[in-house]
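Asks: what shape does this take:
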Amino acid sequence: MDVAAQQESGPPPLLRWMREGLEIPGLIASPLLPPVPIPAGQGQPVMVLPGYLTTDTSSVRLRRSLGAAGYHAYGWGLGRNRGARASLLDRLGRRVDAIAQRHGEAVALVGWSLGGVFAREIAKLQPQDVTLVMTLGSPFSGNPRDNNAWRVYELLNDHPVDNPPLPVNLAAKPPVPTIAVWSRRDGIIAPHAARGLPHESDRQVEVDCLHLNYARAARGIAAIGALLAEHYSRVD
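Replies: Numbers count the residues shown, from 1 in each chain. Model prediction:
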């Protein structure tokens, strides 16, 4: 067994799913929780993209924390994330462009799970509108069937998980600063798929959380806030 396999060995898939399932009530209740203190922003626009089968409700606590810290926080505004659709990148691109025009500066994209995959693709198409892509447990690297959610995705969509109706190269790094946040405790996305290879992102940051906790639990939100503050300290 190689080092990567040893690092990712752990409970079997069913137990991983069960652990994630126990977090669903917390995810549902997260909009009721207070914001998490994070380093202050200076009005920079940040868009949070939801994971598969979730809506902007899933990121309310994160966006509330960003707003309390002084950022202008946005959801993606496209309803439920139902997977790849032919018109999705065009619609999302128009929204990112509108926010960038409104603030007169590029937008930081924080994408949870599949939302992070879409964030990377928008940054490839519109790098002038994006200052940073931060993915949270997003499956952009390796074989999509290495993940525990691919059967659910194919059951609910009309295309294979590795052949979306979009012209994309998931592993190609966007031409903007890109941070891959991953966890070896992630019970849905394989850690190596969310971490990626060194050339597929500019930085890989490990956090200690389950998949459903990246954007709603205090530990995950604190890590996001710290990484945003570090990015803006470099570009300002």
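Asks: what sits up against stretch 30-40?
Replies: 57-58, 60-61, 64-70, 216, 218, 221-222, 224-226, 228-229 (C-beta atoms under 8 Å, 6 or more residues apart in numbering). Backbone N, C-alpha and C define where each C-beta goes, glycine included.
Asks: now with 7 Å, please.
Replies: 57, 60-61, 64-65, 68-70, 216, 218, 221-222, 225-226, 229 (C-beta atoms under 7 Å, 6 or more residues apart in numbering).
Asks: so how far is that stretch from its chain's centroid?
Replies: Mean-position distance between stretch 30-40 and its chain equals 18 Å (C-alpha atoms, centre = their mean, to the nearest Å).
Asks: what about whichever helix in the chain runs longest, average pLDDT?
Replies: Criterion DSSP state H: the longest helix present in the chain is helix 218-235. The average of the pLDDT scores along helix 218-235 is 95.
Asks: stretch 52-69 too?
Replies: 95.
Asks: start at 9 instead
Replies: Fine by me, first position is 9 from now on; the one you just mentioned is stretch 60-77.
Asks: quick check: end-to-end length of that stretch?
Replies: One end of stretch 60-77 sits 27 Å from the other (C-alpha to C-alpha, to the nearest Å).
Asks: quick one: low-confidence ranges for the protein?
Replies: 9-22, 25, 156-171, 173, 244 (pLDDT under 70).
Asks: follow-up on the earlier one: by neighbours, which of the contacts of stretch 38-48 wins?
Replies: residue 229 (26 neighbours; other C-beta atoms under 10 Å).
Asks: how about stretch 209-218: buried residues?
Replies: Going by neighbour count (16 or more other C-beta atoms under 10 Å), the buried part of stretch 209-218 is 209, 212-215, 217-218.
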